[in-house]
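[1] Build me a model from this:
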Amino acid sequence: MFPMKAILKQAGCLAVFSLCLTSSCSLRHNRAVDHYVTATALQSAELDEDAILELQECVKLDPEFSLAHSLLGSMYREQGRYEESAVAYESACLLDPWSFSDHLNLGQVYQILQRFGDAIVKLQRACQLNPQSPAANFSLAECYYETGEYEQAEKFCGRAAELDPNNEEFLASLGDIYKKTGDDYKALNAYKQALEINPDQPEVMIRMGIVYAGMERYSAAQLILEKALEVSPDYTDAHMSLAYCFLKQKQFQGAMDHYKKATVLAPKSYQALNGLGVTYLMVYVENRQDRQMARDGLECLHQSLEIQPDQPKIKGWIDKYSPEVHAAGQPAPAGQ
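    Below you'll find the predicted structure:
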């Protein structure tokens with residue numbers, strides 16, 4: 001048996017040690033709080049680098065300071081430092097598994113990093129924590145779309161649109177999902193709803209035009225694509241899509257005009273050069289006397305191959321028409 005005095009002395013030492021330890025931890029936490037408060041003030045003053053240094057000191061002093069990890073993740077994200085942002089948000093989520101905002105932000109950072117599987121896990125958790133969040137539902141839908149899980153993408157994008165029915169981005173994305181799954185009528189309806197909310201969306205008009213063209217409703221496609229060009233006259237994709245509609249209807253002059261405009265706007269677009277070249281050759285097929293038109297077409301296709309050599313179909317067009325066009329002794333284009 002230990003003497004009572006010895007036991008009391010040992011207990012007293014333990015109490016003093018515990019008090020010192022508690023005091024030390026409290027002191028470290030207080031210092032961490034000071035760094036955090038300073039960081040928020042520096043952030044408000046747009047002194048982001050200094051704010052980040054303060055936050056780094058904060059989490060060194062108190063690694064369980066979840067708010068500091070969260071703010072650090074946010075600041076890294078704003079600077080495009082996504083890997084560091086993910087690490088900070090991961091710590092925040094571990095420290096506070098019930099934080100909706102940290103799970104949403106981490107999921108979105110994973111999405112930016114194209115870590116879609118990880119993003120889906122965190123965004124599912126965010127949706128569990130706040131099922132009424134349009135942002136969480138929409139981000140989850142985007143990730144499912146990227147992984148080819150279109151049924152899930154439709155489900156969560158549809159939910160986001162229900163929660164925020166005036167958000168044209170949600171409706172346009174829902175249209176993209178329907179377009180991807182071949183449900184053209186639902187796609188058109190979603191695009192129309194998006195344009196009713198915000199008519200000045202040429203990119204949505206182009207998507208509508210592409211759907212109409214896929215349905216061989218070329219007149220409807222032309223109308224919506226011309227509206228897109230009224231809003232944005234130098235929109236290359238609109239000129240390309242409109243040219244395609246003219247070409248499919250054998251309205252060659254319209255096709256040439258818009259493909260030419262596309263090549264001016266995007267000189268390195270091999271697709272635009274292909275479109276223009278094929279149009280020239282189709283005009284030649286209609287009138288075998290116009291060899292110059294064919295030569296211009298072949299020249300466009302050769303320029304396209306210089307930009308993107310791996311085009312067997314374009315090489316096939318060149319092989320098919322070059323001997324015929326140059327049979328009269330005309331020199332072949334460079335590279336022939």
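
[2] hey, let's count contacts and neighbours off CA atoms from now on
    Fine.

[3] For the spatially most central residue of the chain, give its distance to Ser85.
    Closest to where the C-alpha atoms of the chain average out (C-alpha atoms, centre = their mean) is Ile112, at 7.9 Å. For Ile112, the distance to Ser85 equals 11 Å [C-alpha to C-alpha, to the nearest Å].

[4] Equivalent analysis for Arg125, please.
    Distance from Arg125 to Ser85, by C-alpha to C-alpha: 18 Å.

[5] More neighbours: which of the two?
    The neighbour comparison of Arg125 against Ser85 (other C-alpha atoms under 10 Å) goes to Ser85, with 25 against 20.

[6] Residues contacting the helix or strand where that one lies, please?
    Element membership for Ser85, per DSSP states H and E: helix 82-95. Applying C-alpha atoms under 8 Å, 6 or more residues apart in numbering, the contact partners of helix 82-95 are 64, 66-67, 69-70, 72-77, 99, 102-103, 105-106, 109-110, 112-113.

[7] pLDDT averaged over that helix, what's the number?
    Mean per-residue pLDDT for helix 82-95: 94.

[8] Distance from the chain centre to it, please.
    22 Å (C-alpha atoms, centre = their mean, to the nearest Å).

[9] for that helix, which positions count as buried?
    Tyr82, Glu84, Ser85, Ala86, Ala88, Tyr89, Glu90, Ser91, Ala92, Cys93, Leu95 (16 or more other C-alpha atoms under 10 Å).

[10] Report the residue spans of this structure with pLDDT below the cut-off.
    By pLDDT under 70, the weakly predicted segments of the chain are 1-25, 29, 32, 34-35, 39, 42, 326-336.

[11] one more time with 90
    Applying pLDDT under 90 to the chain flags the ranges 1-68, 70-71, 235, 238, 284-294, 317, 320-336.

[12] The one helix or strand Met205 maps to packs against which elements?
    Per DSSP H and E, Met205 falls inside helix 202-214. Applying 3 or more C-alpha pairs under 8 Å, 6 or more residues apart in numbering; DSSP states H and E, one finds that helix 202-214 makes contact with helix 168-180, helix 184-197, helix 218-231, helix 236-248.

[13] Residues contacting it, please?
    172, 176, 179, 184, 187-188, 191, 194-195, 218, 220-222, 224-225, 227-229, 231-232, 237-238, 241, 245.

[14] care to break the protein down by domain?
    Per automatic domain parsing, the domain ranges recorded for the chain read 47-130, 269-331.

[15] circling back: extract the C-alpha trace of the helix holding Ser85 and format it as PDB.
    Taking Å, rounded to 0.1, in the frame of the first residue of the first chain, the C-alpha atoms of helix 82-95 are listed here in PDB:
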ATOM      1  CA  TYR A  82      -7.700  23.200 -56.800                       C
ATOM      2  CA  GLU A  83      -5.600  20.400 -55.400                       C
ATOM      3  CA  GLU A  84      -4.800  22.400 -52.300                       C
ATOM      4  CA  SER A  85      -8.400  23.400 -52.100                       C
ATOM      5  CA  ALA A  86      -9.500  19.800 -52.100                       C
ATOM      6  CA  VAL A  87      -7.100  18.900 -49.300                       C
ATOM      7  CA  ALA A  88      -8.400  21.800 -47.100                       C
ATOM      8  CA  TYR A  89     -12.100  20.900 -47.800                       C
ATOM      9  CA  GLU A  90     -11.400  17.200 -47.100                       C
ATOM     10  CA  SER A  91     -10.100  18.200 -43.600                       C
ATOM     11  CA  ALA A  92     -13.200  20.400 -43.100                       C
ATOM     12  CA  CYS A  93     -15.500  17.500 -44.000                       C
ATOM     13  CA  LEU A  94     -13.700  15.100 -41.700                       C
ATOM     14  CA  LEU A  95     -14.000  17.600 -38.800                       C
END
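
[16] Tell me the buried residues in stretch 302-317?
    His302, Gln303, Ser304, Leu305, Ile314, Trp317.

[17] Do me a favour and get the end-to-end distance for it?
    End-to-end distance (C-alpha to C-alpha), stretch 302-317: 10 Å.

[18] Please apply the same query to stretch 162-170.
    Rule used - C-alpha to C-alpha; the end-to-end distance of stretch 162-170 is 9 Å.

[19] If you count neighbours, what's buried in that stretch?
    Leu163, Asp164, Pro165, Asn167, Glu168, Glu169, Phe170.

[20] wait, isn't the fourth one in contact with Ala161?
    Yes: counting by C-alpha atoms under 8 Å, a contact exists between Asn167 and Ala161, whose distance comes to 6.9 Å.

[21] Need the contact partners of stretch 263-277.
    Here stretch 263-277 makes contact (C-alpha under 8 Å, 6+ apart) with 234, 236, 240, 244, 255-256, 259-260, 262, 296-301, 303-305, 307-308, 314.
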